[in-house]
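*Asks:* A structural model of the following input is requested.
(one chain, ligands or ions: 1)
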Amino acid sequence: MTHPENNPKYLGLNVNKGVEQPPSINPYLRSKRSARRTFTVDEYTQGILSGDISMLSQAVTLIESSKPEHQEIAQAIINKCLPYSGNSVRVGITGVPGAGKSTSIDSFGMHLISKGHKLAVLAIDPSSERSKGSILGDKTRMEKLSVQKDAFIRPSPSAGSLGGVARKTRETIILCEAAGFDHIFVETVGVGQSEIAVHTMVDFFLLIQLSGTGDELQGIKRGIMEMADGIVINKADGDNIKKANMAQRQLKNALHLFPMAESGWTPEVLTYSGFYSLGIVEVWDMIFRYIEFVKENNYFDTRRNNQAKYWMYETINERLRNDFYQNVEIEKLMPSLEAEVLSTKKSSFVAAKEALDTYYSQ
Ligand code: GDP
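*Replies:* Modelled structure (predicted):
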């Protein structure tokens with residue numbers, strides 16, 4: 001309906017018609033959903049070998065997928081990349097929440113990149129399945145590193161058991177190395193089994209400690225300390241320096257009580273500040289000295305060979321376990337067997353034998 005004031009007979013001033021409102025959806029926007037094209041194994045491999053980060057990311061997504069068809073492509077890509085992998089320094093980094101892992105990785109990473117290296121930061125966080133999304137390895141925690149083209153940051157895979165998560169991370173290492181990353185960090189929280197998993201895939205295991213939290217040795221699991229090739233005390237800045245030095249002395253003394261490591265290397269204890277980037281060069285000097293030392297005495301290769309063997313057996317175990325528990329007959333049988341064991345109608349061993357016999361008789 002036209003405005004009465006715009007009637008030619010109207011004697012006053014005309015009112016302009018006004019403009020139409022634009023649609024709330026951009027008409028120039030094309031649907032994004034259909035855009036993703038799938039690639040062949042060779043295309044993925046070529047992309048990764050040429051350092052294409054987008055291809056690398058997509059291949060890692062395939063590794064992380066639980067779909068059998070994705071797994072098949074992923075395994076084929078890994079196999080093709082394997083001959084180009086291995087040329088990196090793999091460092092495991094652990095520490096309790098708040099120890100300063102992400103701040104330190106940011107600083108360590110920037111140091112390495114300034115020296116012309118390329119760094120991939122991966123993570124193993126077994127809690128991520130419960131929390132639906134991992135915090136470890138999260139880009140937002142590493143502000144400086146996350147905008148570097150020579151850094152690739154990937155949060156922890158979130159599916160399945162710790163063994164499954166760890167296997168995916170190990171496979172991701174292979175692809176990252178093939179893509180030219182010569183330094184790999186695997187981050188984990190210093191609270192449990194995940195250190196052991198990280199230890200099975202790195203050349204150097206770095207434990208980040210804090211000073212000033214009372215007894216320095218309290219709360220550090222002996223096993224984690226024993227696995228460490230180097231212990232670094234973070235936040236050695238400002239008023240904290242004195243406490244950090246004291247903690248350093250205590251930890252050095254404590255390490256004397258441990259048996260000699262298989263590598264022949266005596267773990268070192270250093271202080272540094274990830275936040276103020278103090279003592280970072282010294283930490284990396286230590287790691288490089290270690291790598292030289294173990295390459296010289298062949299432990300570097302021995303450790304990697306042992307890890308390769310471990311992962312073969314671990315993969316077999318995981319596969320067997322999954323096949324067994326996902327078997328339809330077994331799924332049906334287990335609840336009743338469990339009830340019989342709980343009500344002491346059957347012993348654990350008899351029940352286990354019955355389950356296994358059922359499985360193998362098919
Ligand atoms: P994460 O949980 O181990 O990853 O620890 P963050 O890197 O998130 O650090 C936990 C807290 O400690 C943050 O508030 C950091 O700012 C602080 N922090 C980390 N490194 C240092 C350091 O070298 N010196 C000081 N004073 N604070 C630090």
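*Asks:* Give the other helices and strands that the longest helix along the chain contacts.
*Replies:* Longest helix in the chain, counting residues (DSSP state H): helix 299-326. Packing contacts for helix 299-326, counted by 3 or more Cβ pairs under 8 Å, 6 or more residues apart in numbering; DSSP states H and E, involve helix 162-178, helix 280-296, helix 328-342. For the C-beta atoms, the positions are set from N, CA and C on the backbone; glycine is no exception.
*Asks:* Alpha carbons only: can I get the helix or strand hosting residue 107 in CSV?
*Replies:* According to DSSP states H and E, residue 107 maps onto helix 101-114. What follows is helix 101-114, C-alpha atoms only, in CSV (Å, rounded to 0.1, in the frame of the first residue of the first chain):
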residue,chain,number,x,y,z
LYS,A,101,53.4,-27.3,30.3
SER,A,102,51.7,-25.2,27.7
THR,A,103,53.6,-22.0,28.6
SER,A,104,56.8,-24.0,28.4
ILE,A,105,56.0,-25.7,25.1
ASP,A,106,55.2,-22.3,23.7
SER,A,107,58.7,-21.1,24.8
PHE,A,108,60.6,-24.3,23.8
GLY,A,109,58.8,-24.3,20.5
MET,A,110,59.6,-20.7,19.7
HIS,A,111,63.2,-21.4,20.5
LEU,A,112,63.3,-24.4,18.1
ILE,A,113,61.5,-22.5,15.3
SER,A,114,64.0,-19.6,15.7
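*Asks:* The following helix or strand past that helix pairs with which strands, parallel or anti?
*Replies:* Later in the chain than helix 101-114, the nearest helix or strand by DSSP H and E is strand 119-124. If you go by DSSP bridges, strand 119-124 pairs up with strand 151-153 (parallel), strand 183-189 (parallel).
*Asks:* Tally up the residues packed near the residue lying closest to residue 307 once chain neighbours are set aside, please.
*Replies:* Counting by Cβ to Cβ, 6 or more residues apart in numbering, residue 307 lies nearest to residue 200, which is 5.4 Å off, once chain neighbours are set aside. By other Cβ atoms under 10 Å, 17 other residues sit near residue 200.
*Asks:* Okay, now the unreliable bits of the stretch 1-150 of the chain?
*Replies:* Within the stretch 1-150 of the chain, the set of residues satisfying pLDDT under 70 comprises 1-6, 11, 13-15, 30-37, 127-139.
*Asks:* List the beta-bridge partners for the residue nearest the centre of the chain.
*Replies:* The geometric centre of the chain, computed from its C-alpha atoms, lies nearest to residue 123 (Cα atoms, centre = their mean), at 1.5 Å. Note on residue 123: beta-bridge partners by DSSP bridges are residue 187.
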